[in-house]
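A.B. asks: below is the structure, and that's it, no one-letter string:
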């Protein structure tokens with residue numbers, strides 16, 4: 001199979017010739033890994049590891065400095081950079097609308113437009129990776145609004161000011177529907193997977209109740225999923241944490257692939273996911289970045305990879321990857337071990 005055929009088979013629960021692979025890494029992790037490998041060619045790494053998916057990107061407006069050490073992106077997310085031995089890592093701060101006093105403050109914010117993005121570069125990316133499955137985007141219809149609003153503000157708004165939450169959900173959803181439509185047009189419908197992200201879980205349980213999810217988040221997920229399916233793509237939905245209570249609703253909202261199935265409890269174990277959801281969903285990720293990859297041995301990592309591929313991918317339905325972007329505290333040999341024995 002070609003890499004693209006392999007990924008699409010897994011998504012559609014047809015048995016591929018082997019488990020397809022994806023690769024996500026923070027910039028400092030890339031720096032550490034490339035130093036370990038002795039070259040500076042990211043595409044060579046992906047080819048050597050036989051990664052089946054390529055992530056497309058478009059250039060947008062640059063971040064700006066708000067004050068000493070504090071930066072803001074086009075959405076109004078604010079953050080600092082903390083140094084690691086391999087380069088800076090982002091650490092979030094309260095966003096530009098954390099001190100909003102009324103809805104007008106939110107409405108009058110300088111919201112971005114897809115006109116600020118350059119989609120022409122997608123053509124060359126598609127040509128370069130013609131045989132691979134292509135993933136585009138970073139559509140976030142709740143977590144990113146919460147970062148702009150500030151988490152405390154968002155939680156209070158959901159209880160006391162629902163119109164504020166719906167304004168943000170509508171603003172972000174409308175932007176990303178247009179963004180994804182333009183990307184599809186620029187690539188003549190070649191994109192296979194579109195990313196949709198909003199973290200719903202903590203390490204020990206959901207961040208919000210199921211009724212709150214159904215009121216404030218699920219309608220926008222469904223709208224995004226309908227848009228993506230209309231463009232001929234599949235929905236790769238990302239949420240960290242213990243999100244088992246939401247999975248049925250996510251399936252009903254139209255997601256096709258769930259990432260990263262973080263192993264934070266029995267309900268998120270691959271055996272439980274297979275038993276409960278069977279062939280209703282394709283899974284993506286699962287290889288633990290918090291404990292296994294940071295302190296496990298390559299042999300232990302290979303054993304866990306075999307477990308996930310066997311439990312989740314026996315009839316297709318699984319794409320191998322980490323439970324988050326590979327972090328810079330993960331030894332390079334452990335990253336390589338993820339892809340060394342399938």
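C.D. replies: That came in fine, so what should we check first? Just so it is clear, the structure is predicted and the values come from calculations on it, not from any experiment. Numbering: from 1, shown residues only.

A.B. asks: pull the distance from stretch 201-209 to the chain's centre.
C.D. replies: The chain centre lies 17 Å from the centre of stretch 201-209; the measure is CA atoms, centre = their mean, to the nearest Å.

A.B. asks: what does stretch 51-61 give?
C.D. replies: Distance, centroid of stretch 51-61 to centroid of chain: 12 Å (CA atoms, centre = their mean).

A.B. asks: now that stretch: buried residues?
C.D. replies: By neighbour count with 16 or more other CB atoms under 10 Å, stretch 51-61 contains the buried residues 51, 52, 53, 54, 55, 56, 58. All C-beta spots, glycine's among them, are computed from the backbone N, C-alpha and C.

A.B. asks: likewise stretch 116-132?
C.D. replies: 117, 119, 122, 125, 126, 129, 132.

A.B. asks: state the pair within the buried residues of stretch 51-61 that is farthest apart.
C.D. replies: 52 and 58 (21.7 Å; CB to CB).

A.B. asks: from the buried residues of stretch 116-132, which is closest to residue 150?
C.D. replies: For the buried residues of stretch 116-132, the nearest to residue 150 is residue 117 (25.9 Å; CB to CB).

A.B. asks: tell me who's in contact with the closest one.
C.D. replies: By CB atoms under 8 Å, 6 or more residues apart in numbering, the contact set of residue 117 is 58, 59, 60, 179, 182.

A.B. asks: neighbours of the last one, how many?
C.D. replies: Read that as residue 182. When neighbours are counted by other CB atoms under 10 Å, residue 182 registers 16.

A.B. asks: make TSV out of the buried residues of stretch 51-61 and add pLDDT and distance to residue 172.
C.D. replies: Formatted as TSV, the buried residues of stretch 51-61 follow (pLDDT from 0 to 100; distance: CB to CB, whole Å):
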residue	pLDDT	distance to residue 172
51	98	29
52	98	29
53	98	24
54	98	25
55	98	20
56	97	20
58	94	17
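
A.B. asks: now those residues as JSON lines including secondary structure and distance to residue 94?
C.D. replies: Output for the buried residues of stretch 51-61, formatted as JSON lines (DSSP: H, G, I helix; E, B strand; the rest coil; distance: CB to CB, whole Å):
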{"residue": "51", "secondary structure": "coil", "distance to residue 94": "36"}
{"residue": "52", "secondary structure": "coil", "distance to residue 94": "39"}
{"residue": "53", "secondary structure": "strand", "distance to residue 94": "34"}
{"residue": "54", "secondary structure": "strand", "distance to residue 94": "35"}
{"residue": "55", "secondary structure": "strand", "distance to residue 94": "29"}
{"residue": "56", "secondary structure": "strand", "distance to residue 94": "31"}
{"residue": "58", "secondary structure": "coil", "distance to residue 94": "28"}
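
A.B. asks: out of these, which is nearest to residue 77?
C.D. replies: Closest to residue 77, out of all of the buried residues of stretch 51-61 and judged by CB to CB, is residue 58, at 17.9 Å.
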